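J.: Everything below, folded, please.
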Amino acid sequence: MLKRIERQIACILVLAVLLCYTNFEAIKVNAQVVETQNIEQQKSNDKITNKIVDTNWDIKVSYNITSKWDNHCNVDITLENITDKRIDNWEIYLPVNYEIENIWNARITETTEEEYTIRNDEWNQDIPVSGFVSFGMTVKCFDEIEIPEYLNTNCLWVKVDDEKYNIDIKTHSQWDDKVNGQIIINNISNEKIEDWSIVFDSNFQIEEIWNAKIFERADFEDIINYDIENSGYNQNIPAKQSVEFGFIATCDEESDISNVELYSMGSEFDFSEEENEDDYGVDEFVLDSDSFRTEEEYTNYLLEKGFTDEDTENEVSTFSMRRSGEMSVQCTGASMKLGLGARATQNYLPLSDGSRYLMSTKNQHAFATYQKLDATGNFVNVSTTKMKNFAHGQTFEQFFVPKEGEQYLLAGNPTSDGTFARNIAIMPRSYFVNNVLPKKKFNFTKWCKKKGNGFRIMSGLECANAEGKATGTLFRTDAAVTASGSTLVIWKETRKGSGRNQKRYYEISLYDVEKLIKYYEILSRKGKNQKEKLRLSFSGSLKKELKSACIGSFREKHKTNQKSKLKPNGSFQSIDIEEYFEDGKAWYQVVLTSGNEIGYTNRPITVSKLVLHPDGKKDNKGNKKPLKYKAYRNRIELVGHLSDKFEIEGGHIMGRSTYQFILVKEVNSIQLDGTVKKLREQYLAKVDLDSISTSIQ
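T.: Numbers count the residues shown, from 1 in each chain. From the prediction side, this is the model:
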């Protein structure tokens, strides 16, 4: 969602200016050449590039021209790791204005008119933190050579196909509650597995390990999940050979591992078979109460699904709960003047020129309406596009990506009942304006398959969390992004089992957008498949990379009353996020809306505020610490309409302290052409977020 309009304009202008400036400065060469350099200019460059180093790049490049002759020169190039992690199996794209005739201590894997793909030799495969590797080349050039000062590596952790390896686990000795064991990884393929790492669940707790190292561990109810990486000297597994590592662990039964995933660091990968279309049916789930119009319909459905009378009464209790116990907070608002017959607006997007988009929904289709201000200061409809398979229309945001410009965040691929989305999509604003709005209909599914759109899809979101593991099958997802475009928040509901035994979980996860965009950029340059269909599956081959991009997450089990922090009283309407800094630390404010008082559900309308702080640290067991958060929630009443009932919809955090959102009031219903037509009045309201202060324990 677009945040405060003035802030967005300023953000875009500043980023655009910075983008132009930094792009210009980034191509300056940090050359150690015979020619003298302008010292003052170099100091100026350093100030700019230091800012770039903080966020954008993996490698700092320096070079030295050791000799020149007849349009030729020898060049030594040094790559410095400026990240906080070891760079495994490095590979770079080197844009050139010259021809490489010879290269040593590296190899060329691909050549185009504009760039070379250069990869490590066997002996300099990894670059340690703050470490260096070097290679040399003889080049033919007619102008002064140009080499960028900063580069990104192109290798990713990719899951190895199961048929290419197998795993043996051996127990050498066992005493008391201790075990001395060994895990052997057998490469049964005809290809080398480079820079291996292995992820698995275990029933033991490792106390000592050799020939490998524990990168990360996470404790669950009855298992421990390990992410174990090679020790460097045994990083590659040749074809038809094996590597092993040993451990001493605490275990009171026979040691065992499960859910094994082997990863290899490389740049040659194929995702053509990675992702299915998530084509499961709605019958696998118990439908959400939001899917029913009356208490009787919901009760009958639950009984058909095997719920007992007592379970059904607990589930349906949210229908008759008029007040949730929170203190009410008054908000102000003005009519949106959409007309009494207009569809309920799920979300809106104000634009810098005073115009706006409204997003409404019917079944599995969203409707985007573009409105402009007329001479009298009223909004008038310019066009409406039916956006097929964009689901509920709640996820609709604008944000800025350096080097690419404005992007829209959307959601689609709904469940088979056509209600809620299961995929998140990023669409360039230019594509939305030029290719979506001019059409009467636009199909999400067809758009995903079309070539050359520059679109990005996120799927497999049941695994979108710090553990990279699902608590069940994805039922619904919505998302939001900070105004700066730095952080993505994903809200989701997963379900496990069926009938009275079904378990539901709600989850919030924060992701580093810059890392996600970087993965998309690498995929876009790797083969025709990726140029046609850019998809990041959080449950697929890049699961380990996506897990590393997660800033933090937390979840809760389903609760039927107001104690739920993530889906109070069984209702979820929208989510938004904003970032701020305090005491030198990044904090996030996440706002959730919930409730529908009009007519058939009687759920109170509320605004919830989550104040989050990810510290990025691990505990003494190596587990990532979850997001620290505090939760607050209050009921909402509209000034001038204190006795009226509303449904609350999507909104935007404006700066630090204001939340602007949509309220829908049902005025009446009339019979029209044999059908019941609702008459609604819709308001654009705002509330002071500091007033959302009732703590939820």
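J.: Next, count neighbours for residue 376.
T.: Other residues within reach of residue 376, judged by other Cβ atoms under 10 Å, total 6. C-betas here are computed from N, CA, C, even on glycine.
J.: How about residue 188?
T.: One way to gauge burial is a neighbour count; for residue 188, by other Cβ under 10 Å, it gives 12.
J.: what's the distance between it and residue 239?
T.: As for residue 188, its distance to residue 239 is 9 Å (criterion: Cβ to Cβ, to the nearest Å).
J.: Likewise for residue 659?
T.: Using Cβ to Cβ, one obtains 58 Å as the distance from residue 659 to residue 239.
J.: what separates stretch 430-442 from the chain centre, distance-wise?
T.: Chain-centre distance of stretch 430-442: 25 Å, with Cα atoms, centre = their mean, to the nearest Å.
J.: and that stretch, which residues are buried?
T.: The neighbour-count criterion (16 or more other Cβ atoms under 10 Å) identifies 431-432, 436-437, 442 as the buried residues of stretch 430-442.
J.: and what of stretch 205-224?
T.: If you call a residue buried by 16+ other Cβ under 10 Å, then stretch 205-224 has these buried ones: 206, 209, 212, 215-218, 223-224.
J.: same question, stretch 644-657
T.: Neighbour counts using 16+ other Cβ under 10 Å place 644-654 of stretch 644-657 among the buried residues.
J.: I'd like the residues you listed as CSV, with pLDDT appended.
T.: Listed next are the buried residues of stretch 644-657 as CSV, based on pLDDT from 0 to 100:
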residue, pLDDT
644, 89
645, 88
646, 91
647, 90
648, 92
649, 92
650, 91
651, 92
652, 93
653, 94
654, 89
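J.: re earlier: counting only strands, which of the buried residues of stretch 205-224 make the cut?
T.: 206, 209, 212, 215-218, 224 (DSSP state E).
J.: Do a quick rundown of the helices in the stretch 1-150 of the chain.
T.: For the stretch 1-150 of the chain, helices defined by DSSP state H, counting those that start in this stretch occupy the ranges 5-26, 39-53.
J.: Could I get the average pLDDT for the first one?
T.: Across helix 5-26, pLDDT averages out at 39.
J.: In this structure residue 100 contacts residue 137, no?
T.: Yes - with contacts defined as Cβ atoms under 8 Å, residue 100 counts as touching residue 137 at a distance of 5.1 Å.
J.: Which of these two has more residues huddled nearby?
T.: residue 137 (22 against 17).
J.: For that one, name its beta-bridge partners.
T.: For residue 137, the beta-bridge partners are residue 75, residue 103 (DSSP bridges).
J.: OK, contacts around it?
T.: Contacts for residue 137 (Cβ atoms under 8 Å, 6 or more residues apart in numbering) come out as 74-75, 77, 100-104, 106.
J.: Which ChimeraX command selects the buried ones in those?
T.: Paste this into ChimeraX to select the buried members of the contacts of residue 137, with burial taken from 16+ other Cβ under 10 Å:
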select :75,77,100,103,106
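J.: now, which of the contacts of residue 137 sits nearest residue 513?
T.: Comparing the contacts of residue 137 against residue 513 with Cβ to Cβ places residue 77 closest, at 30.7 Å.
J.: rewinding a little: so among the ones in strands among the buried residues of stretch 205-224, where is pLDDT lowest?
T.: residue 218 (84).
J.: okay, now the closest residue to that one other than its chain neighbours: neighbour count?
T.: The spatial neighbour of residue 218 that comes closest, neighbours along the chain excluded (Cβ to Cβ, 6 or more residues apart in numbering), is residue 225 at 4.5 Å. By the measure other Cβ under 10 Å, the count of residues near residue 225 is 18.
J.: thought residue 225 was touching residue 469?
T.: Yes - because the distance of 7.2 Å satisfies Cβ under 8 Å, residue 225 is recorded as touching residue 469.
J.: Strands of the stretch 401-550 of the chain, residue ranges please.
T.: Ranges of strands within the stretch 401-550 of the chain are 405-414, 421-428, 441-443, 456-459, 473-481, 487-496, 503-512, 535-537, 550-557, based on DSSP state E, counting those that start in this stretch.
J.: List the buried residues for the fifth one?
T.: Judged by neighbour count using 16+ other Cβ under 10 Å, the buried positions of strand 473-481 are 474-481.
J.: Determine which two of those are furthest apart.
T.: Looking at those by Cβ to Cβ, the two members farthest from one another are 475 and 481, with 22.0 Å of separation.
J.: which ones are touching the residue nearest to residue 541 when sequence neighbours are not counted?
T.: Once flanking residues are discounted, residue 541 sits nearest to residue 159: 4.4 Å by Cβ to Cβ, 6+ apart. If a contact means Cβ under 8 Å, 6+ apart, then residue 159 has 261-263, 540-544 as its contacts.
J.: run the last query once more with 10 Å
T.: Under the criterion of Cβ atoms under 10 Å, 6 or more residues apart in numbering, the contact list for residue 159 reads 199, 261-264, 269, 274, 540-545.
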